[in-house]
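J.: Pasting the sequence and the predicted model now:
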Amino acid sequence: MVRLRLKRHGRKQRTYRIVAVDARSRRESKVIREVGFYNPIKEETQLDLLAITTLCEKGAKLTKTVRDIMKRAKLSERIQTDFLE
């Protein structure tokens, strides 16, 4: 099963990339696809909505944290709400 989750990135690992990985693998393992970026310090979020919807339609699941980031970015109007629930 594929999951969309956070992967630490950057100096002192203070930023995160939103990636698609195998659910059984570790957090820092090989990435299937990178679909976004999240910086909690500056409250910056960059998401590839087309890639996220494509992966969700194929059966990928969102982790709770990624779901909350997407809701905070107010993307529920742009993306189907059944992926966010």
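T.: Received it, and whenever you're ready, just let me know what you need.
J.: Kindly indicate whether the residue nearest to the spatial centre of the chain is helix, strand or coil.
T.: With distances taken as C-alpha atoms, centre = their mean, Ile18 lies nearest the centre of the chain, 3.6 Å away. The three-state label for Ile18, taken from DSSP: H, G, I helix; E, B strand; the rest coil, comes out as strand.
J.: Give me the pLDDT for it.
T.: For Ile18, the pLDDT comes out at 94.
J.: Could you do the one 5 residues further on as well?
T.: Confidence at Ala23, expressed as pLDDT, is 88.
J.: Isn't it up against Arg3?
T.: Yes: the pair Ala23 and Arg3 passes the contact test of C-beta atoms under 8 Å, sitting 4.6 Å apart. The way it works is simple: take the backbone N, C-alpha and C, and place the C-beta from them, glycine included.
J.: Which residues are in contact with each of the two?
T.: Lys61 (C-beta atoms under 8 Å, 6 or more residues apart in numbering).
J.: more crowded one of those two?
T.: Arg3 (18 against 11; other C-beta atoms under 10 Å).
J.: which one is Ile18 nearest to, not counting chain neighbours?
T.: Distances taken as C-beta to C-beta, 6 or more residues apart in numbering put Gly36 closest to Ile18, at 3.5 Å, once the chain neighbours are dropped.
J.: brain fart, Glu34
T.: Using C-beta to C-beta, 6+ apart, the nearest residue to Glu34 is Val19, at 5.1 Å.
J.: Report the separation between Thr15 and His9.
T.: Taking C-beta to C-beta, to the nearest Å as the measure, Thr15 falls 5 Å from His9.
J.: What spatial separation is found between Leu55 and His9?
T.: With C-beta to C-beta as the criterion, Leu55 and His9 are 19 Å apart.
J.: which of those two has more neighbours?
T.: A direct count of neighbours by other C-beta under 10 Å for Leu55 and His9 places Leu55 higher, at 21 against 16.
J.: That one against Met1, yeah?
T.: No: counting by C-beta under 8 Å, Leu55 does not reach Met1; the two are 11.4 Å apart.
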